[in-house]
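**Q** what's the 3D shape of this:
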Amino acid sequence: MSIWSKLLGFKQTDETSHKVDKDTASLSTDTSRYTFVDVEISLQDHKIHDIGALRFDGAIFHKASKEELFDFLRDSDYLCGHNIIHHDAQYLFAGHTCRWPLVDTLYVSPLLFPERPYHRLVKDDKLVSEQLNNPVNDCEKAKDLLFDEIARWNALPEKKQQIWAYLLKDQEEFTGFLQLVQAISPVYMDPVELIRDFYEGRICQQADLHTLIEKYPVEVAYALALVDTTDHRSITPGWVLSELSGSRICDEAFAAHALSGRLSILQHPAGCTL
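**A** Presented below is the predicted three-dimensional model:
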């Protein structure tokens, strides 16, 4: 059994992989066949100038050729990286469909490490690296981060895993990670009751969770992560707030007040009955 499979906590075969929803149920992937990829883009011409990749068998790729990279990736079932979905993949697969599930460490990190001082390898939305412009080194850092994220996920209570799997199952930034860790979204459970039960006494029981979950599932997930913190200085990272307010809910008041700190809409207003 590989270190990767031991970390995930199971012996992997092609047939044992649980998927997060019906749309991914037909995929046959082996979680031990992963490759980390990092792309360096020139600020002048906005083209790929360097590519680094670290494969599951220890092989290293360090060239600027996409064609040679795709050959290197041939036996991989997952592509992993830090901000791989909205950065690296945009340059690697511009105008083409990516056939690999993408596992992005960027968006999962604030969920699994919401407490100050946060994760040692992440500063804002960037990886902390001692070598500048070295994509192979960045792949090593992304691998370390992902391993820590998987270990933290495995340590979560089952109900919390189910809550996040339900909230994030349709979000492209999270589906690759959820598939990788074999997250199971509760099918026969009311997510509202699941959240109220798990966070009893910590969130307002009068909050309109049905509406929040329907309209803002990602925002609710990040907010619930903060509810679990003990350091009052722990906050949602600024880049998360900027991305959410600039895309999904740019014309809503929710982003302005609900995610600035502790998500007041889920906390106890005056006179609230717990």
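
**Q** show me where this structure has strands.
**A** Taking DSSP state E as the criterion, the chain contains strands spanning 34-41, 48-55, 60-63, 78-81, 102-104, 122-123, 126-127.

**Q** among these, which is nearest residue 138?
**A** Across those, residue 138 has its closest neighbour in strand 34-41 (4.2 Å, Cβ to Cβ). C-betas here are computed from N, CA, C, even on glycine.

**Q** Spit out the contact partners of the spatially most central residue of the chain.
**A** A centroid search over the chain (Cα atoms, centre = their mean) returns residue 108, at 2.9 Å, as the residue closest to the centre. For residue 108, the contact set (Cβ atoms under 8 Å, 6 or more residues apart in numbering) comprises 149, 174, 177.

**Q** one more time with 10 Å
**A** 145-146, 149-150, 152-153, 164, 168, 173-174, 176-178, 181 (Cβ atoms under 10 Å, 6 or more residues apart in numbering).

**Q** Show me these that map onto helices.
**A** 145-146, 149-150, 152-153, 164, 168, 173-174, 176-178 (DSSP state H).

**Q** sorry, back to before: so the residue nearest to the centre of the chain versus residue 197, what's the distance?
**A** 24 Å (Cβ to Cβ, to the nearest Å).

**Q** Among the ones in helices among the contacts of residue 108, name the buried ones.
**A** 145-146, 149-150, 153, 164, 168, 173-174, 176-178 (16 or more other Cβ atoms under 10 Å).

**Q** any chance of the residues you listed in TSV, plus pLDDT and distance to residue 40?
**A** Output for these, formatted as TSV (pLDDT from 0 to 100; distance: Cβ to Cβ, whole Å):
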residue	pLDDT	distance to residue 40
145	93	18
146	94	20
149	94	23
150	95	26
153	96	29
164	95	32
168	95	29
173	95	22
174	96	25
176	96	22
177	96	24
178	96	28
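
**Q** Now do the buried residues in stretch 225-245.
**A** Buried residues in stretch 225-245 (16+ other Cβ under 10 Å): 225-226, 234-237, 240-241, 243-245.

**Q** let me fix that: stretch 207-221
**A** 207, 209, 212-213, 216-221.

**Q** what distance separates the start and the end of it?
**A** End-to-end span of stretch 207-221 (Cα to Cα, to the nearest Å): 15 Å.

**Q** Nearest to residue 101 among the buried ones among the ones in helices among the contacts of residue 108?
**A** Nearest to residue 101 among these, with distances taken as Cβ to Cβ, is residue 176, at 4.4 Å.

**Q** so what's the residue nearest to the closest one when sequence neighbours are not counted up against?
**A** Nearest residue to residue 176 in three dimensions, chain neighbours excluded: residue 103, at 4.0 Å (Cβ to Cβ, 6 or more residues apart in numbering). Residue 103 makes contacts with 31, 34, 36, 78-81, 84-85, 142, 146, 149-150, 174-181, as judged by Cβ under 10 Å, 6+ apart.

**Q** what does residue 156 give?
**A** By Cβ under 10 Å, 6+ apart, the neighbours of residue 156 are 111-112, 162-164, 181, 228.
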